[in-house]
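Enquirer: structure, please.
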Amino acid sequence: MKKRVDLNKIYTIINEVMDVKYLKKSDYEDAVDTYSYYNGSINYSDCLILKTMQDNNINKILSYDDDFDKINGLQRIY
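Expert: Model prediction:
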């Protein structure tokens, strides 16, 4: 029989080790604006990533997604 994983323990460890940031309603709304700005050429989930990066002054991303190349001031590392 497999040992059951204690998800509360995992959650606690993640929060102790990482600086977890949760999205707010306004973040989702801002991502819609970004999605519209790029006429849908960047998918919505990427727009949420961009919003989070902007809020945290991050300008580099490790990704194989070449849609990020469309963003001025963002350096994609692949």
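
Enquirer: next, count neighbours for Thr34.
Expert: Thr34 is flanked by 17 other residues according to other Cβ atoms under 10 Å. Where you see a C-beta, it was placed from the backbone N, CA and C, and this is true even at glycine.

Enquirer: now it. Nearest residue, chain neighbours left out?
Expert: Cys47 (4.2 Å; Cβ to Cβ, 6 or more residues apart in numbering).

Enquirer: residues contacting that neighbour?
Expert: Cys47 makes contact with 31-32, 34-35, 38, according to Cβ atoms under 8 Å, 6 or more residues apart in numbering.

Enquirer: that one should be in a strand, yeah?
Expert: No. Assigned with DSSP: H, G, I helix; E, B strand; the rest coil, Cys47 falls outside any strand and is helix.

Enquirer: need the pLDDT of it.
Expert: Cys47 carries a pLDDT value of 97.

Enquirer: what does Asn15 give?
Expert: 83.

Enquirer: packing partners for the helix or strand hosting it?
Expert: Using DSSP states H and E, Asn15 sits in helix 7-17. Helices and strands touching helix 7-17, as assessed by 3 or more Cβ pairs under 8 Å, 6 or more residues apart in numbering; DSSP states H and E, are absent.
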